[in-house]
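**Student:** With the input below, show me the fold.
(2 chains)
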Protein chains: 2
Amino acid sequence: MQFADRLNNVETSAIRELFKLLGKPGIISFAGGFPDSAMFDVDGIQAAVNQALAEEAGAALQYGATEGYQPLREQLSQFMASKGAQGVAPENLIVTTGSQQALDLLGKTLISPGDKVIVEGPTFLATIQCFRLYGAQLISAPIDGNGVKTDELEKLIAEHQPKFVYLIPTFGNPSGAMLSLERRKKVLELAVKYQTVVVEDDPYGDLYFGEAPPPSLLNLSATVPGSRELLVHCGSLSKVLSPGLRVGWMIAPADLLAKAIMCKQFSDAHTSTFAQATAAQYLKAGRMPATLAHVRKVYAERAQAMGDALRSDLGDAIEFVQPQGGLFVWARLTGAGGKVADGNVFAKRAIDKGVAFVPGTPFFCAHPDPATLRLSFATADVAKIREGVARLAQAL
Amino acid sequence: MQFADRLNNVETSAIRELFKLLGKPGIISFAGGFPDSAMFDVDGIQAAVNQALAEEAGAALQYGATEGYQPLREQLSQFMASKGAQGVAPENLIVTTGSQQALDLLGKTLISPGDKVIVEGPTFLATIQCFRLYGAQLISAPIDGNGVKTDELEKLIAEHQPKFVYLIPTFGNPSGAMLSLERRKKVLELAVKYQTVVVEDDPYGDLYFGEAPPPSLLNLSATVPGSRELLVHCGSLSKVLSPGLRVGWMIAPADLLAKAIMCKQFSDAHTSTFAQATAAQYLKAGRMPATLAHVRKVYAERAQAMGDALRSDLGDAIEFVQPQGGLFVWARLTGAGGKVADGNVFAKRAIDKGVAFVPGTPFFCAHPDPATLRLSFATADVAKIREGVARLAQAL
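**Tutor:** Sure, this is the predicted structure:
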């Protein structure tokens, strides 16, 4: 069978091969990029779906508007307001089938083959593949512990005139980094200065462990004239409530939103109204603050446990910034003391010792740093984290 | 904002403009393409979601495999077997976010800009737009009351060497036509003779009113050597159970399925596991046969009522084949007696008289027949159907 040319731009992920090894008995996995199933508020979701079927079964089971189920759009508008986003009316957002679909719709509406898009190096793997399927030429902007380096970003924007810049500013996958307030302002100023669209993907922003992070680019856009008209913000219930609902949303300027709705009509008609009505009832019931407080507390403990164990067991063979939120520790092997300095080699040795993680190289669209690795602290409890890190030390 | 070039290939549907008029008080609508909400088996779906959350909440609310939730794939494999499809193992199908996503994945995996695709004239509107977004050049194959004319189809295949042929062989939208057994065999023979992929979209095949329709192309492929390797079959729960679940599926040759899974990974990661687990429990509970019997009976009554009323009230001003299944009467204005012969003009007059339908022209990718119209009998009860047709007669 002859496939479309666009498939030549992507390849099946190397991570998939690694995941096949996870079935090994007794393995401790830091490899996943997902929340802990044990923390799902099953009772709350059961109550929400019961309410949806009792009150609005006809609508919850029927076709719905492509742009989203109106009661959910209203709840999401309020949810965004509760997080400090001003002026996000229900009609300023569309519901997407997970935030992955927001990426797909951005690719479909904005990227012509050969267009340039700037992403962080490293960034979310499925973003790289998604945009490449639409023919994007990706440019990698370097990061440090405070997120994307805005000086470098400006140079790249000026040189490449990208179709847009894609960032995960808050506890990003895989970097876990938190973009500083100063840099956030700078990003918005760059958007205006170069009239470049900026996409803020924000699935992790609610998962902070101590103080709240700096305001999102969306929230800050109120203070940088002209930036809101160039800003796209993607949100998701996947990391805080349930990935299985596949409920995400995208806030964007009206003209882009209209095109995205048209494309979504021909992508999946609309997101499951059954899931949307359930999510809307969940938000309406006011359960989200307690749910957020719970997941923050548990992930904070696990992040601390992993950071402590890494420092204690691996010492100067590894360096990382202790994450202040999210699901990930992004680390770098130093090679100190003649220890292994290649993430791919280390990953294979670690599997032999009974612990898994993802090496960092696939997360770079260019110039990979082979010493990097991503460790998720989300799905193992504190005891398992300590044991897993001890095994990592043996694999060094 | 500068959008992707592919958006130049499509335009917002003319039907959307019409639908804005449907809010008019007291209007009777034959315009929709959806099932009647009053027939949803709410109790059965409530029981299914309860079971899913009681038995498998962790999986139902978590990320899932891109190719589909395994218990649902197993149930769908059995469902297909119960409909006479042989050898459809769970791994021969993927779950899609409605069958609309199957179309999108076919476009993404198969269509390079400029590739030719043959569709029926008329065909499903969202198919036309979906494939055009991927740059397809659509070729229109004429139909009659027995579906696509296979002699004409062969000429078009030979001339255009299309990437694939897309058909809705059983009670298609909008034509309602049922492809004859003889033509079904011929289509499969053409696939083999010209080594052309054939896509069978089959959301309506279960909605027959009297005798079962001829076997699907999928079922028949067992009798035409080499045809199964060129056949794609798309199914959906939307018309028989609930569109709001957004659960469809695609059966395809292994190499195509692998590419579609890769593309789906970057489209929406996976279809809602919450909806998939609910659908799986529904099928497992054995409720589907009774549900199908019920919807067949109700739609059969409505189709009969609409056919009778059209013959009685509009006489020779209209011609149509009485549908033997599905949701639609596809009709043609004859202009007899100097009556209106243009579907678009008639649609506007009908709105003024308090009844809505969709004119036929948007359903053609080329050579539209302006005398055509689509009437859905699905959502109005028999009394409303008679009243609506009486109003149509006044609008003639």
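
**Student:** A:Val198 belongs to a strand, doesn't it?
**Tutor:** Yes. Assessed with DSSP: H, G, I helix; E, B strand; the rest coil, A:Val198 lies in a strand.

**Student:** give the contact list for it.
**Tutor:** A:164-165, A:167, A:187-188, A:190-191, A:217, A:227, A:230-232 (CB atoms under 8 Å, 6 or more residues apart in numbering or on different chains). All C-beta spots, glycine's among them, are computed from the backbone N, C-alpha and C.

**Student:** Beta-bridge partners for it, please?
**Tutor:** A:Val165, A:Leu231 (DSSP bridges).

**Student:** And the pLDDT at it?
**Tutor:** Note on A:Val198: pLDDT of 98.

**Student:** how far away is it from chain B?
**Tutor:** 12 Å (CB to the nearest CB, to the nearest Å).

**Student:** Isn't A:Ile94 up against A:Val247?
**Tutor:** No. Look at A:Ile94 against A:Val247 with CB atoms under 8 Å: they stay out of range, at 11.6 Å.

**Student:** Just the buried residues of stretch A:184-193, please?
**Tutor:** A:184-188, A:190-192 (16 or more other CB atoms under 10 Å in any protein chain shown).

**Student:** can you check stretch A:214-228 too?
**Tutor:** For stretch A:214-228, using 16+ other CB under 10 Å, the buried residues are A:214-221, A:224, A:227-228.

**Student:** got those residues as TSV, with secondary structure columns?
**Tutor:** Supplementary listing: these in TSV, determined by three-state DSSP:
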residue	secondary structure
A:Pro214	coil
A:Pro215	coil
A:Ser216	coil
A:Leu217	helix
A:Leu218	helix
A:Asn219	helix
A:Leu220	helix
A:Ser221	helix
A:Val224	coil
A:Ser227	coil
A:Arg228	helix
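
**Student:** near chain B too, which of these?
**Tutor:** Filtering the buried residues of stretch A:214-228 for proximity to chain B by CB under 8 Å from any CB of the partner chain leaves nothing.

**Student:** Kindly present those residues as a markdown table, with separate columns for distance to B:Gln75 and pLDDT.
**Tutor:** Below are the buried residues of stretch A:214-228 laid out as a markdown table (distance: CB to CB, whole Å; pLDDT from 0 to 100):
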| residue | distance to B:Gln75 | pLDDT |
| --- | --- | --- |
| A:Pro214 | 47 | 98 |
| A:Pro215 | 46 | 98 |
| A:Ser216 | 41 | 98 |
| A:Leu217 | 44 | 98 |
| A:Leu218 | 41 | 98 |
| A:Asn219 | 45 | 98 |
| A:Leu220 | 48 | 98 |
| A:Ser221 | 46 | 98 |
| A:Val224 | 52 | 98 |
| A:Ser227 | 49 | 98 |
| A:Arg228 | 47 | 98 |
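
**Student:** out of those, who's nearest chain B?
**Tutor:** A:Arg228 (13.1 Å; CB to the nearest CB).

**Student:** Let me see the contact set for the nearest residue to the closest one once chain neighbours are set aside.
**Tutor:** Distances taken as CB to CB, 6 or more residues apart in numbering or on different chains put A:Ser221 closest to A:Arg228, at 4.2 Å, once the chain neighbours are dropped. If a contact means CB under 8 Å, 6+ apart, then A:Ser221 has A:188, A:227-228, A:231 as its contacts.

**Student:** Over to A:Leu314?
**Tutor:** A:389, A:392-393, A:396.

**Student:** Recalculate using a threshold of 6 Å.
**Tutor:** A:Ala393 (CB atoms under 6 Å, 6 or more residues apart in numbering or on different chains).

**Student:** The helix or strand that contains it: what's the following helix or strand?
**Tutor:** Using DSSP states H and E, A:Leu314 sits within helix A:288-314. As assigned by DSSP H and E, the chain's next helix or strand after helix A:288-314 is strand A:318-320.

**Student:** so what secondary structure elements neighbour that following strand?
**Tutor:** Strand A:318-320 makes packing contacts with strand A:328-333 when contacts are defined by 3 or more CB pairs under 6 Å, 6 or more residues apart in numbering or on different chains; DSSP states H and E.

**Student:** In the sheet, which strands lie alongside the strand it packs on, parallel or antiparallel?
**Tutor:** strand A:318-320 (antiparallel), strand A:372-376 (antiparallel).

**Student:** Figure out how far the shortest one is from the centre of its chain.
**Tutor:** By that I understand strand A:318-320. 22 Å (CA atoms, centre = their mean, to the nearest Å).

**Student:** What residues of it count as buried?
**Tutor:** A:318, A:320.

**Student:** Check stretch A:364-378 too.
**Tutor:** A:364-365, A:368-378.

**Student:** all helices for chain A, in order.
**Tutor:** With helices called from DSSP state H, chain A shows them at A:14-20, A:42-60, A:70-82, A:98-110, A:125-133, A:150-160, A:181-194, A:217-220, A:254-265, A:273-284, A:288-314, A:343-353, A:382-395.

**Student:** The fifth one close to chain B?
**Tutor:** Yes. Residues of helix A:125-133 are located near chain B by CB under 6 Å from any CB of the partner chain, namely A:126, A:129-130, A:133.

**Student:** Mean confidence (pLDDT) on the helix holding A:Leu314, please.
**Tutor:** 98.

**Student:** nearest to B:Asn146, of the buried residues of stretch A:184-193?
**Tutor:** A:Ala191 (57.9 Å; CB to CB).

**Student:** can you tell me which residues contact that closest one?
**Tutor:** Counted by CB under 6 Å, 6+ apart, A:Ala191 has contacts A:198, A:227, A:230.

**Student:** so how far is A:Thr170 from the nearest residue in space to A:Leu207 that is not next to it in sequence?
**Tutor:** Leaving out its chain neighbours, the residue that sits closest to A:Leu207 by CB to CB, 6+ apart is A:Gly325, at 4.9 Å. Distance of A:Gly325 to A:Thr170, computed by CB to CB, to the nearest Å: 7 Å.

**Student:** Of the two, which one has the most company?
**Tutor:** A:Thr170 (29 against 23; other CB atoms under 10 Å in any protein chain shown).

**Student:** Could you list everything that one pairs with in the sheet?
**Tutor:** Using DSSP bridges, the beta-bridge partners of A:Thr170 come out as A:Met178.

**Student:** wait, isn't it in contact with A:Asp206?
**Tutor:** No. With contacts counted by CB atoms under 6 Å, A:Thr170 stays clear of A:Asp206, the gap being 9.0 Å.

**Student:** Tell me where the longest strand sits in chain A.
**Tutor:** strand A:137-144 (DSSP state E).

**Student:** and that strand with chain B, contact?
**Tutor:** No. Strand A:137-144 does not reach chain B (CB under 6 Å from any CB); its nearest approach is 13.6 Å.

**Student:** In that strand, which residues are buried?
**Tutor:** A:137-143.

**Student:** Rebuild those as a markdown table, extending it with pLDDT.
**Tutor:** Below are those laid out as a markdown table (pLDDT from 0 to 100):
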| residue | pLDDT |
| --- | --- |
| A:Gln137 | 98 |
| A:Leu138 | 98 |
| A:Ile139 | 98 |
| A:Ser140 | 98 |
| A:Ala141 | 98 |
| A:Pro142 | 97 |
| A:Ile143 | 97 |
